[in-house]
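> sequence and predicted model, in that order:
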2 protein chains.
Amino acid sequence: MSLLAIGTLAFDDIETPYGKADMIVGGSCTYITYAASYFASEVQIVSVIGEDFPETVMNDLKSKGADLEGVELKRGEKSFFWAGRYHDDMMGRDTLDTQLNVLADFDPKLPPAYRNTDYVMLGNLTPSVQMQVIEQMESKPKFLALDTMNFWMDVAMDELKAVLKKIDILIINDEEARQLSGELSLLKAAAKITDMGPKSLIIKKGEHGALLFQGDKTFFAPALLLPKVVDPTGAGDTFAGGFMGYLAATDDISFENLKRAIIHGSALASFVVEDFGTRKLERLTKSDIDGRVAQFSELVRVNF
Amino acid sequence: MSLLAIGTLAFDDIETPYGKADMIVGGSCTYITYAASYFASEVQIVSVIGEDFPETVMNDLKSKGADLEGVELKRGEKSFFWAGRYHDDMMGRDTLDTQLNVLADFDPKLPPAYRNTDYVMLGNLTPSVQMQVIEQMESKPKFLALDTMNFWMDVAMDELKAVLKKIDILIINDEEARQLSGELSLLKAAAKITDMGPKSLIIKKGEHGALLFQGDKTFFAPALLLPKVVDPTGAGDTFAGGFMGYLAATDDISFENLKRAIIHGSALASFVVEDFGTRKLERLTKSDIDGRVAQFSELVRVNF
């Protein structure tokens, strides 16, 4: 089935201890789309770009199965731009520059063909923009996922809480889960957050794996051990894109299938960090992905 | 089979966000023995105590299967004492006081009955004291495990490296593994450390679980999510004691059995942190432990 994804198509300047990449194509929707395209039959993109966004990338996304009808091109304007530098431990990072450009007055318009899509991934954006997408859906999606960040908890908590009531699953990291819930224990945080609306919750812990909560059920997916992390940018969006793409492809939102989707999302995220930007993510084979999925199972396998 | 354990029998003052416990019985050998006693037929203790160490505790340890012949009592002296305060996040802690007392000139003497034991757990102590124990063994143990800490890497690295050449498995945390190897990636750290001597390595990551490395094989054991961690003191020693006790009981050092031993050690560690000191660890049932072991398997179970 199709996946509808909203997020950014952007440029990034990235500096890590392994090097520097300037003006490479990034943005949440880019990572989500590349990742989801390995599973979903189609990825309907809602985004906004300036005249500077490369047509070659748009064509590549289209060749991977992206529907670009929902991408607005603003003539004479520039695409969203982010510059950041990662710390030596690859965990912390400093934002060096953020230029909203076309994103400043982003007013998403869903083409009619998008309005009955069952699987929806709302990438990290202003909660009010995420809400606009929800309100334009004609039928309630079967599974609506949301990404957000601590910045929106600081400046738009009420809007965020309104969005939380509309979604099926929230995908955030451990620090964000603690801030949103005010709880140190992730078990208590999960209980409070799922009381805010979403029936399911994924808490990402970076190199320490990811947790899935639904009612009293919990699942933990480890992270693979990688010899070298070159660039963590986009790992979270790649995870979310792979997760939602897998669900759309299998059209099964049982807890057991959410687990399988998390492993597939984690497998894709384990590739994207091995090179700058989307370089590695763009050209994976089914056998690459299946190999990593098998590694996840093997890593925790124990027989009693 | 029997387990030989060397470490401290001591007093602790512990302060956590949940309260304060003064002059409670602690020390690495206490936790190792209680934990191992659930599996091993006997725990031969090598340690040193002052006249202040409670006879009730010695009797309780004996009733659990401890052989106390190797515990030296120094008349007119005081037992080792440590005081610490945990940070609000329960991860960091400050040492408020350390009084070596009887430990200052600890000269371990192995009773003849201990010198051919197959399973040996060397708790965290001066590397030269750990070496003295190794040198007193008449036959090479089947499986020799070592715990150490960053302090010894700072002040006694050469002695520590000599000990590493004699052991089968090293059990340390992620920070210590990074310091010992000089590598940020735990995969690279593991390769360097296993080159230093031990064929196998466990890297503990606290609330993020534990990793086992042996050659090109890796296993990851998650940590259970606990609603409340009251006191993390002794979690590492409890893990090590449970791990080695399980191996001694099953007398099987295959990689597959090391995995099962890690899950059993993790299960015991998940109990000990739920109350101050050894309170919870002293009185578990087989069904308590089996229940937690099942939770570990369930937490990561996924079928493709």
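Looks like it came in fine.
> A:D22 looks like it's in a strand, true?
Yes. Assigned with DSSP: H, G, I helix; E, B strand; the rest coil, A:D22 falls within a strand.
> what helices or strands is the helix or strand where A:D158 lies leaning on?
Element membership for A:D158, per DSSP states H and E: helix A:157-164. The contact analysis (3 or more C-beta pairs under 8 Å, 6 or more residues apart in numbering or on different chains; DSSP states H and E) places helix A:157-164 against helix A:127-136, helix A:150-155. Quick note: C-beta positions are derived from backbone N, CA and C, even for glycine.
> dump that helix to PDB, keeping only the CA atoms.
Coordinates of each C-alpha in helix A:157-164 appear next as PDB, following Å, rounded to 0.1, in the frame of the first residue of the first chain:
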ATOM      1  CA  MET A 157       3.200  22.300  23.900                       C
ATOM      2  CA  ASP A 158      -0.600  22.900  23.600                       C
ATOM      3  CA  GLU A 159      -0.600  22.500  19.800                       C
ATOM      4  CA  LEU A 160       1.500  19.400  20.200                       C
ATOM      5  CA  LYS A 161      -0.900  17.900  22.800                       C
ATOM      6  CA  ALA A 162      -3.800  18.500  20.400                       C
ATOM      7  CA  VAL A 163      -1.900  16.600  17.700                       C
ATOM      8  CA  LEU A 164      -1.100  13.700  20.100                       C
END
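> tell me which of the helices and strands packed on helix A:157-164 is the most buried.
When neighbours are counted by mean count of other C-beta atoms under 10 Å in any protein chain shown, the highest per-stretch mean among these falls to helix A:127-136, a mean of 18.
> how big is the angle separating it from helix A:157-164?
30 degrees (axes from the mean of the first three to the mean of the last three C-alpha atoms, to 10 degrees).
> quick check: A:K165 touching A:T194?
No. Because the distance of 11.8 Å does not satisfy C-beta atoms under 8 Å, A:K165 is recorded as not touching A:T194.
> neighbour-wise, which of those two wins?
For A:K165 versus A:T194, neighbours defined as other C-beta atoms under 10 Å in any protein chain shown are more numerous around A:T194 (19 against 9).
> what residues of the helix ranked longest in chain A count as buried?
Among the segments of chain A that qualify as a helix by DSSP state H, the longest is helix A:255-272. Of the residues in helix A:255-272, those buried by neighbour count under the rule 16 or more other C-beta atoms under 10 Å in any protein chain shown are A:258-272.
> if you average pLDDT over stretch A:140-152, what comes out?
Model confidence over stretch A:140-152 averages 97 on the pLDDT scale.
> do the same with stretch A:160-174
Across stretch A:160-174, the per-residue pLDDT values average to 98.
> the residue nearest in space to the middle of chain A: helix or strand, and which one exactly?
Against the mean C-alpha coordinate of chain A, by C-alpha atoms, centre = their mean, the closest residue is A:D237 at 2.6 Å. With elements taken from DSSP H and E, the one containing A:D237 is helix A:235-250.
> thought A:S297 was touching A:L224, still the case?
No. The criterion here is C-beta under 8 Å, and A:L224 misses it with A:S297 at 11.1 Å.
> and those two? which has more neighbours close in?
Of the pair A:L224 and A:S297, A:L224 is the one with more neighbours under other C-beta under 10 Å, namely 18 against 14.
> which non-adjacent residue is nearest the more buried one?
Spatially, and ignoring its direct neighbours in sequence, A:L224 is nearest to A:S270 (4.8 Å; C-beta to C-beta, 6 or more residues apart in numbering or on different chains).
> who touches A:Q214 in this structure?
Counting by C-beta atoms under 8 Å, 6 or more residues apart in numbering or on different chains, A:Q214 touches A:T194, A:K199, A:S200, A:L201, A:F255, A:L258.
> do the same with A:K161
When contacts are counted by C-beta under 8 Å, 6+ apart, A:K161 touches A:M196, A:G197.
> what about 10 Å?
A:P127, A:M153, A:L180, A:M196, A:G197 (C-beta atoms under 10 Å, 6 or more residues apart in numbering or on different chains).
> how about those residues, which pair is most distant?
A:M153 and A:G197 (14.5 Å; C-beta to C-beta).
> helix, strand, or coil at whatever residue of the stretch 51-200 of chain A ends up closest to chain B?
In the stretch 51-200 of chain A, the residue found nearest to chain B is A:L187; the distance is 4.4 Å by C-beta to the nearest C-beta. Put simply, A:L187 is helix when judged by three-state DSSP.
> surely it touches A:L201?
No. With contacts counted by C-beta atoms under 10 Å, A:L187 stays clear of A:L201, the gap being 11.2 Å.
> mind checking the SS state of the closest residue in space to the residue of the stretch 51-200 of chain A closest to chain B that isn't next to it in sequence?
With C-beta to C-beta, 6+ apart as the criterion, A:L187 has its nearest non-adjacent residue at 4.4 Å, and that residue is B:L225. Using three-state DSSP, the secondary structure recorded for B:L225 is coil.
> what about B:L225, neighbour count?
Around B:L225 sit 19 other residues, with neighbours defined as other C-beta under 10 Å.
> which ones are touching it?
A:185-188, A:190, A:203, A:211, A:213, A:218, A:220, B:207, B:270, B:295, B:299.
> and the end-to-end length of stretch A:178-187?
End-to-end distance for stretch A:178-187, by C-alpha to C-alpha, to the nearest Å: 10 Å.
> from the chain's centroid, how far away is it?
Relative to the centre of its chain, stretch A:178-187 is centred 21 Å away, using C-alpha atoms, centre = their mean, to the nearest Å.
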